[in-house]
Structures are given as structure tokens and as C-alpha cells.
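K.L.:
predicted structure and sequence below. I'll ask about it afterward.
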Amino acid sequence: MPQNFIKPLLILLWFPLLTLVAQDSLKSVVAEKGDGIYSLLRKQGVDPYITYDDFIALNLPRLRDSLHLYEGMAYVIPKTTGDSLEIVKEDTKVAGIENSVKGVSYDIFGEKYAEVTGKSERLKGTVYYLISGHGGPDPGAMTQYAGKSISEDEYAYDVTLRLARELLSHGAQVYIIVRDPDDGIRDEQILEMDKDELVLPEQIIPLDQKDRLEQRVDAVNKLYLKHKGKHQRLVVTHVDSRSKGQNIDVFFYYHEKSRYGKKLAESIHNTFKKKYKKYQPNRSYSGTFEDRSNLYLVKKTLPAMTFIEIGNIRNKKDQRRILDYDNRQALAKWISEGVILDYESK
């Protein structure tokens, strides 16, 4: 048996007896090849978006890097409480999408993830603009993985959709600025590249870089003026491109003159530090938040904002963070928790 498989079993022997006894009444299932946390929970009829944190807490010693399952190992499935929430169909061509405590279906997330169940109304009355980097004629950073080309824009878009879904579940109004008509949330490692992304409402993305950036700035600023007086924030998501040997943590930019932008970036940054300390205690978090006022989107957009780099697409360690859909979901969830922290610590 490989050594890295034996290690969590040894750790498990030291797990407190009280916890093991408490789990006796809970169902255990064995992870199969290809299972992730979300797919395992779905197979058991459990909503992974509600029970994810409970699953991590119950199974932490059995997880690789605090996030991944081991094939052939048994995992405890947390219980859910409360009745199923009603699902309401809604026209998803609307630019701004807003959720209530009832479940709502949005085509933009794809068939598998279309239904969004309300978790809370903690972000009720807020407006968030989400921009994923590049798109259309510009794929952004590119590299090869398993003999196929992968690009920054596809992975940034997937994380952005997952983030939108999280924010909606807490009652926010969300504008997804860069939108793909047929790529919803995807669980594959290799996300196929295309060039059919549009900018809200249905604008073709121009080839010239400055024109592309101006188009996004205009889309956000017009909406910002429309919602003047509300709590409004912008989150921009990119995947970095550096030398293959450079492993980076998630880091955040803001405008030096924006007190609220700095607070948003710092809130998400602090959330990531706490998550690393909790789930990866043997690994320090080196991500930073800093002023980058020279970036066009940072300089020209009206809402307080943060610009997030989620990893180096060329680095093998960072690729695990980007290519694994469980990791992409964790990134989105942690960003959303930082967003909530920012809003609730006004």
C-alpha cells in the first residue's frame, strides 16, 4: 500500500473517541475512483453546498490536503435538517439575477447546477459585479495539460460562475459581466476552449485589448449608476501565468485610494488565511493583498473592487488547485465567505 495512503489511517487512530462515537448514528460510504467531495455527497442525496463544511469537519483526518478523498476509504456523511425548498423557474436572460430563500433555477449555471437553494439573506440588498478574465478572442494564459491546451479564461469563468451561485444563495443581486451562452459550471479537469463569450448584455468581445477592457468598464459603470445608493462591489477573477517552477497562493489587488476596495480585498485575504490555518495547518499561506492602481479595471471601474489571481496555470501544484473542480468550488466558497465578512463588518 502506498505510503501516502497509509498516513491518514494512522492519523485516524488518534482521532478522539468521543467524535467516533458521535458518528455511529451517521451513514458512512466508501469513496470510489473519481469521487470528489461534491460528487460523493450528491450520490447520497445530500446537498453539498449546505453540508460541505460539516463533511470537512467530520472527515478531516481522512482527507488529502484537507480537500481530497482517498479511493477505498470510508467517509461519514453529515445529516441535513429542514424540508426541501421549493424550486421556482425564472427567465435567466435577465442581466442581474437575484435569489430569495426559495430555490431558483438559472440557465447560466448549466443543467446540473441550475437550481440555487437559498441559504440565508445575509447579502440581501447588495449588488455584486463579477468579471472573469479574458474571453472571446483572448484566451489569456495558456499551457498544455495531458496533451491538451488549457486556457485561463475557461477556469476563471468557472470559478466566477461558482462564486455567483454562492452569492445568490445568500440573497445578493449578481451581474455576471462576461458570459458564455453554453458553458455552465463544469466539473471536468480539462475545460474545452471556445471563443463565444459575450459581455453583458450581449456584446461581442473585441480583439483589441484596450477596447475589451473599456467594454467591461462601461458595462459595470452603467450598472453602478443605476444602483446608486446600494452596497455595490466588483470582483475580478484571473489565473496568473508565470514560470513553470513558480508556485503561488491566491492573492488580491485593490486601488490605493479605495478604502472599501482595500477592506474587501483584506476581508477575503483574511478568510483564506483562516481556511489554510484550519484545513492545512502544516502549510503556511503566502498570498498577499496589495495596491495595483495601475491595472485598467482597478483604475477605471466605479464600485469598490478586488482583483484576484487564483494561481499560476503553468505550475503543476497550482494546476491541482485550478483543474480539480472541488478546488474551484472551494475557491468560490472561500471568496464568498470573505465577501460576506466584508459586508457584515461595515
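P.N.:
Perfect, I can see it now. Quick caveat, the model's predicted, so the values are computed rather than measured.
K.L.:
how many neighbouring residues does Leu331 have?
P.N.:
Residues lying near Leu331 (other CB atoms under 10 Å) number 23. Heads up, the C-betas are built off the backbone N, CA and C, glycines and all.
K.L.:
so which strand or helix has it?
P.N.:
According to DSSP states H and E, Leu331 maps onto helix 325-344.
K.L.:
and that helix, what's buried?
P.N.:
325-343 (16 or more other CB atoms under 10 Å).
K.L.:
so what does that helix touch, helix or strand wise?
P.N.:
The contact analysis (3 or more CB pairs under 8 Å, 6 or more residues apart in numbering; DSSP states H and E) places helix 325-344 against helix 37-43, helix 152-169, strand 231-240, helix 259-279, helix 316-323.
K.L.:
just how off-centre is the second one within its chain?
P.N.:
Shown here is helix 152-169, whose average C-alpha point lies 5 Å from the average C-alpha point of the whole chain (CA atoms, centre = their mean, to the nearest Å).
K.L.:
and it, what's its mean pLDDT?
P.N.:
Helix 152-169 shows a mean pLDDT of 97.
K.L.:
swap in the first one?
P.N.:
The pLDDT scores in helix 37-43 average 85.
K.L.:
please apply the same query to the longest one.
P.N.:
The predicted model assigns helix 259-279 a mean pLDDT of 93.
K.L.:
which residues does whatever helix or strand comes next after that helix contact?
P.N.:
Proceeding N to C from helix 259-279, the next assigned helix or strand is strand 289-291, under DSSP H and E. Outside strand 289-291, the residues that touch it by CB atoms under 8 Å, 6 or more residues apart in numbering are Phe251, Phe252, Tyr253, Tyr254, His255, Glu256, Lys262, Ala265, Glu266, Ile268, His269, Thr306.
K.L.:
in JSON lines, list the residues you listed along with distance to Glu115.
P.N.:
Compiled in JSON lines, the contacts of strand 289-291 are given as follows (distance: CB to CB, whole Å):
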{"residue": "Phe251", "distance to Glu115": "33"}
{"residue": "Phe252", "distance to Glu115": "31"}
{"residue": "Tyr253", "distance to Glu115": "34"}
{"residue": "Tyr254", "distance to Glu115": "34"}
{"residue": "His255", "distance to Glu115": "36"}
{"residue": "Glu256", "distance to Glu115": "41"}
{"residue": "Lys262", "distance to Glu115": "36"}
{"residue": "Ala265", "distance to Glu115": "31"}
{"residue": "Glu266", "distance to Glu115": "33"}
{"residue": "Ile268", "distance to Glu115": "26"}
{"residue": "His269", "distance to Glu115": "31"}
{"residue": "Thr306", "distance to Glu115": "28"}
